[in-house]
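Q: After the sequence you'll find the predicted model.
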Amino acid sequence: MNSEIVILMPVYNPREEIINYIKKLKKERYSIVVVNDGSDEKYHSIFESLVDDCTIINYPVSKGKGNAIKKGLTTATPSSSLLRVM
């Protein structure tokens, strides 16, 4: 089981490949934190479809990858033995 590993993914206007990758990681039982860094409105339904698969943090406007990573780090489980930023 990989539940001790947290995957942090800052994303902006994600392509379908990213969404499929998130779902694949969830099947492998990883904990996933996705930071939506101000994606266009047409992507909101995609993030809504992932709510059951991972933790979603939404920013209405882009604040940059660095800020998205910082926010994700504060949300990721502090007791996790490994954090991977993608």
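A: Received the coordinates, thanks. Please read all numbers here as calculations on a predicted model, not as lab measurements. Numbering: from 1, shown residues only.
Q: center of this protein - which residue?
A: The centroid of the chain falls nearest to residue 34 when counting by CA atoms, centre = their mean (1.2 Å).
Q: Wait, that residue touches residue 46, no?
A: No: between residue 34 and residue 46 there is no contact, the gap being 10.2 Å when judged by CB atoms under 8 Å. Just so you know, the C-beta spots here come from the backbone N, C-alpha and C atoms, and that holds for glycine as well.
Q: can you tell me the average pLDDT over the helix or strand harbouring the residue nearest to the centre of the chain?
A: According to DSSP states H and E, residue 34 maps onto strand 31-37. Regarding strand 31-37, the rounded mean pLDDT is 90.
Q: can you check stretch 16-28 too?
A: The average pLDDT within stretch 16-28 is 87.
Q: when you give positions from now on, start the count at 38
A: Noted, 38 is the first residue going forward, which turns the last one into stretch 53-65.
Q: Flag every buried residue along it.
A: 56, 58, 59, 62, 63 (16 or more other CB atoms under 10 Å).
Q: So what touches that stretch?
A: Contacts with stretch 53-65, where a contact means CB atoms under 8 Å, 6 or more residues apart in numbering, come from 39, 44, 46, 48, 69, 71, 83, 86, 87, 90, 91.
Q: let's go with 6 Å and repeat that
A: Outside stretch 53-65, the residues that touch it by CB atoms under 6 Å, 6 or more residues apart in numbering are 39, 44, 69, 83, 90.
Q: check contacts around the closest residue to residue 97 other than its chain neighbours.
A: Spatial nearest neighbour of residue 97, chain neighbours left out: residue 75 (6.4 Å); criterion: CB to CB, 6 or more residues apart in numbering. Residue 75 makes contacts with 96, 98, 99, as judged by CB under 6 Å, 6+ apart.
Q: In the residues you listed, which residue is surrounded by the most others?
A: residue 96 (17 neighbours; other CB atoms under 10 Å).
Q: could you check the distance from that one over to residue 65?
A: From residue 96 across to residue 65, the span is 27 Å (CB to CB, to the nearest Å).
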